[in-house]
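Chemist: Got a sequence here, can you model it:
(3 chains)
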Amino acid sequence: MSVSTAQFNQKKRALFEKYYGFLNAPQQEAVRTVRGPLLVLAGAGSGKTTVLVNRIGNLILFGDAWQNEELPAEADEIYAEMCEAEGGSRAKIRTALEKTAVDPARPYRVLCITFTNKAANEFKERLQTLLGDRANDIWAGTFHSICVRILRRHIDLLGYTGSFTIYDTDDVKKLITAIMKRRHTDEKMLSVKAVISLISRYKEKGYDAEEMLMDAGKDDRIVKTANIYGEYQRELKQSNALDFDDIIMLTDKLFSEFPEVLQKYRTQFDYILVDEFQDTNPSQNRLVTMLGGGKENVCVVGDDDQSIYSFRGATVENILQFDRAFPRAKTIRLEQNYRSTGHILDAANAVIAKNRERKGKNLWTAAGEGELIRVERPTNQNEESSFIAYEIKRKVTSGECRYGDFAVLYRVGALSNNIEQAMVKARIPYRICGGLRFNERREVKDVISYLSVVNNPADNVRLRRILNVPKRAIGDTTASRLESIAAAEHDSMYAIACRANVYPELGKAANKLIEFSRLIESMRDYAEEHTLSETVEYIVTASGYMRFLAEEAEADGDIEHEREQNVRELLSTVRQFEDSAENPTLSAFLEEMALVSDVDSLEEGQDAVTLMTVHSAKGLEFPVVFLIGFEDGLFPSLQAIMEGGIEEERRLAYVAITRAKRMLYLFHTESRMLYGRTEYRSPSRFLAEIPDEHTQKSYEVRRTAAPDPYTKRQTEEIRFGRPRETARPAGGQTVFAAGDRVKHAFFGPGEILAAQEMGGDMLYEIRFDSGSIKRIMGSFAKLQKE
DNA sequence: TACTGGATTATTTTT
DNA sequence: TAATCCAGTA
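Modeler: Next comes the predicted model:
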């Protein structure tokens, strides 16, 4: 027998489909296409991660077998095996398929880039289960971790040393503030915040200070900021420190100025995959383009409709114009949604369809219509949160849900307060995302600063932080003098401190500085000969920091000694790191602390309601979602309305809606107290974009015929009324309707504003003659007709 | 240097 | 409202 090429490839393809049968057609297509540039537009809940993981698995197991149509040498033999395997198990199919493998990718030649550590870890884990130990050699990580890995090896070409420190936002703020103070920049004209974000925006575009200055034209703010940028960059270099933007920008620079370095990595990486491509900024995009140029085996996955980070430099253009960077690019759309039920998905589709700048996708689901979206209009935020607490309690008590099934989402963090209070009051377990992180605590940052200085004594910002903590009589005056001497001598503050007695202007503080430098020196010596955890222990004792914290706790009456606890926790983190990391050096530990936030490790665990912003909910899903504050001026935000950022807000709304699997509640209050002011609120304009057939409103809406002359928008007149579904009698109790007068045993007489069926019971909204408005369940209220 | 009070000012956040 | 920051005082 002699099998033809066509026959062989057909069989091969049939087996592929059997093996990857758990994937739908476009997903299979994405897995199969390994050569050439590929853009995967993955809608919300379309199984994007599964595709990426299996695509890598496929690369490593079968190489480009599916795109390579050449007949292998022992075609007949393999063909026979394939025929035999066809009816067999997955393992059998795989064994046969493996024989067809053409040039399987070596794991270390695969680069998989994500945005968050959480995503990176998820990939690593899933690849591990798929490929076993081979997975460990895959370059999977965040943009930042991968760039740091590259920079550690080559950054000396750019005039830094490999032991550089990574500055977090706090360090950056300190440094910028100091520079602005020195330059007598009027903070009223130009805030530190504005300067930081402006510099960041230019760094993301890959501009240096001079290029920024050229770009500034006559804009005084930009000119001023460009000058600050120049000084800032010099200071960073002097301190041998990089900020987060530098990590990307300098890797870019390294590649464009040293082609041989770029060539090395271009040669190494046969295949590049990028997740969440819609979140890339221009310099990240350039990095991908540079690395992927040549072989062009670049696969980017993303959803232009979920691009919600433009405020930190991400640009949708990267995904919209991927085919411009790679003209041969093939586009695959993943449009089947495995997450939400019909009404929810249709609502999301309807809202996002209003955006102009998009590739265009239409998600569909094989799941049924599911439940209607509930739209509620509480009088104020207290009612909003007690309604939610009530709903959660009810669904948990009835056994329908667990606490972990619920999420409360909001546009701004400020809205979490009320919800939190309601959860406490109702004794509902909850977890709240955001807030102060572990490594942002003062005591943790202090200890990290000691470690940074030991690792890199040139680090002026962190040296300054610990110079007088705990108190060692080195005041602000001395610190400033030290700083200006260092600037004049083009040397580090640490180096000056070491020879402080040479400078008469330091006076008798010189001795203190020398003493301090000896302390650091002793730490450095200690670190040479001891393990990481021993060193950290030595540092916190020898510096007197632990004692300082203990005394402080005594003085404040802090019985828990919380700050000391946190330092101990940091110590146990160090020990954990020692046990798990392959290379447990001080420098590696500091890197991990800088690039890995504890939010990544948090998560899961107890059964609790999740409270978070819509932004942080991206990538997550929940059976039941409550979206609160769905009001114009809040969502979309006021500044988005004024500055024309509506499309991004709409994408945000799209993200919010698509988080829900089975039930979605949208809330907009009648009035809300925010930032100490109570304001009447109108519903989000996005609400009107959801077709009525997908929602169930607990109030009546009438659209006026003529658009409002000021806003040019169609106005809505809202009033309480009967819910669309007429109430049914429940459990023998009398059922009331809106408008009825009733009497409550405790609250007295009142009028029903709204009545709504709810889980075999009636929920009434009643305005009592005393003036208060309450929501009460019918079975609970013991109402009588008045 | 620690404390007090008045002014100020509030998106979204990962690395 | 609530948190934070700065200036002025003890």
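Chemist: Nearest to DNA strand B: which residue in the stretch 651-786 of chain A?
Modeler: Nearest to DNA strand B in the stretch 651-786 of chain A, going by Cβ to the nearest atom of the strand, is A:Y675, at a distance of 3.8 Å. For every residue, glycine as well, the C-beta is placed using N, CA and C.
Chemist: wait, I meant chain A
Modeler: Nearest residue of chain A to DNA strand B (Cβ to the nearest atom of the strand) works out as A:H144 at 2.9 Å.
Chemist: Quick check: that residue is in a strand.
Modeler: No - looking at A:H144 with DSSP: H, G, I helix; E, B strand; the rest coil, it is helix, so not inside a strand.
Chemist: pretty sure it contacts A:I248?
Modeler: Yes - using Cβ atoms under 8 Å, A:H144 is in contact with A:I248, at 7.2 Å.
Chemist: Between these two, which has more neighbouring residues?
Modeler: Neighbours per residue (other Cβ atoms under 10 Å) separate A:H144 from A:I248, with A:I248 holding more: 26 against 22.
Chemist: what sits against that one?
Modeler: Shown in contact with A:I248 (Cβ atoms under 8 Å, 6 or more residues apart in numbering): A:143-144, A:147, A:204, A:281, A:283-284, A:287.
Chemist: Equivalent analysis for A:E84, please.
Modeler: Taking Cβ under 8 Å, 6+ apart, we find A:E84 in contact with A:92, A:96.
Chemist: A:T100 too?
Modeler: A:T100 sits next to A:12, A:62, A:65, A:72, A:78, A:82 when contact means Cβ under 8 Å, 6+ apart.
Chemist: Likewise for A:V444?
Modeler: A:V444 makes contacts with A:438, A:566-567, A:570, as judged by Cβ under 8 Å, 6+ apart.
Chemist: one step back: against A:V261, how distant is the residue of chain A closest to DNA strand B?
Modeler: 18 Å (Cβ to Cβ, to the nearest Å).
Chemist: now swap in A:E276 and tell me
Modeler: From A:E276 across to A:V261, the span is 26 Å (Cβ to Cβ).
Chemist: again, but for A:N456
Modeler: A:N456 is 23 Å from A:V261, by Cβ to Cβ.
Chemist: Repeat that for A:N24.
Modeler: From A:N24 to A:V261 the distance is 41 Å (Cβ to Cβ).
Chemist: In helices only, show me the contacts of A:V444.
Modeler: Among those, DSSP state H puts A:566-567, A:570 in helices.
Chemist: possible to save those as JSON lines with pLDDT, neighbour count and distance to A:E211?
Modeler: Shown next, in JSON lines, are those (pLDDT from 0 to 100; neighbours: other Cβ atoms under 10 Å; distance: Cβ to Cβ, whole Å):
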{"residue": "A:N566", "pLDDT": "87", "neighbour count": "18", "distance to A:E211": "42"}
{"residue": "A:V567", "pLDDT": "91", "neighbour count": "20", "distance to A:E211": "43"}
{"residue": "A:L570", "pLDDT": "92", "neighbour count": "20", "distance to A:E211": "40"}
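Chemist: Show me which residues of the stretch 101-250 of chain A sit near DNA strand B.
Modeler: Selection of the stretch 101-250 of chain A residues close to DNA strand B by Cβ under 7 Å from any atom of the strand yields A:115-118, A:142-145, A:168-169, A:244.
Chemist: how about the residues of the stretch 451-600 of chain A near DNA strand C?
Modeler: Not one residue of the stretch 451-600 of chain A sits near DNA strand C, judged by Cβ under 7 Å from any atom of the strand.
Chemist: lowest average confidence, helix or strand, in chain A?
Modeler: Using mean pLDDT, DSSP states H and E, the weakest-scoring helix or strand in chain A turns out to be strand A:714-719, at a mean of 47.
Chemist: Starting from that strand, tell me the next helix or strand along the chain.
Modeler: Counting by DSSP states H and E, the element after strand A:714-719 in chain order, helix or strand, is strand A:741-744.
Chemist: and that following strand, what does it pack onto?
Modeler: strand A:748-758, strand A:761-768, strand A:784-785 (3 or more Cβ pairs under 8 Å, 6 or more residues apart in numbering; DSSP states H and E).
Chemist: most packed of those strands?
Modeler: Mean neighbours per residue, mean count of other Cβ atoms under 10 Å, is largest over the helices and strands packed on strand A:741-744 for strand A:761-768, with a mean of 22.
Chemist: Give me the angle between it and strand A:748-758.
Modeler: If you take axes from the mean of the first three to the mean of the last three Cα atoms, to 10 degrees, strand A:761-768 sits at 150 degrees to strand A:748-758.
Chemist: any idea of the mean pLDDT for strand A:761-768?
Modeler: Here strand A:761-768 scores 74 as its mean pLDDT.
Chemist: repeat for stretch A:623-641
Modeler: Mean pLDDT, computed over stretch A:623-641, is 94.
Chemist: how far away is the residue of the stretch 651-786 of chain A closest to DNA strand B from A:L415?
Modeler: From A:Y675 across to A:L415, the span is 11 Å (Cβ to Cβ).
Chemist: More neighbours: which of these two?
Modeler: Taking other Cβ under 10 Å, A:Y675 and A:L415 do not tie; A:L415 has more neighbours (23 against 6).
Chemist: Now do the same contact list for the more buried one.
Modeler: A:381, A:628-629, A:674 are the contacts of A:L415 under Cβ under 8 Å, 6+ apart.
Chemist: Now do stretch A:639-657: everything it contacts.
Modeler: With Cβ under 8 Å, 6+ apart as the contact definition, stretch A:639-657 has outside contacts at A:44, A:305-308, A:310, A:344, A:347-348, A:351-352, A:354-357, A:409, A:411, A:614-615, A:617-618, A:625, A:627, A:632-633, A:635-637, A:664, A:684, A:686.
Chemist: where exactly do the helices run in the stretch 301-450 of chain A?
Modeler: With DSSP state H, counting those that start in this stretch, the ranges of helices along the stretch 301-450 of chain A come out as A:317-320, A:322-325, A:342-352, A:381-397, A:416-425, A:442-455.
Chemist: Tell me the helices and strands packed up against the first one.
Modeler: What that stands for is helix A:317-320. helix A:282-292.
Chemist: Is any residue of stretch A:433-441 near DNA strand C?
Modeler: No - with Cβ under 7 Å from any atom of the strand as the criterion, DNA strand C is not reached by stretch A:433-441; the gap is at least 7.7 Å.
Chemist: Look up how far A:G629 lies from the residue of the stretch 351-500 of chain A found nearest DNA strand C.
Modeler: Proximity of the stretch 351-500 of chain A to DNA strand C (Cβ to the nearest atom of the strand) peaks at A:N417, 6.7 Å away. Going from A:N417 to A:G629 by Cβ to Cβ gives 12 Å.
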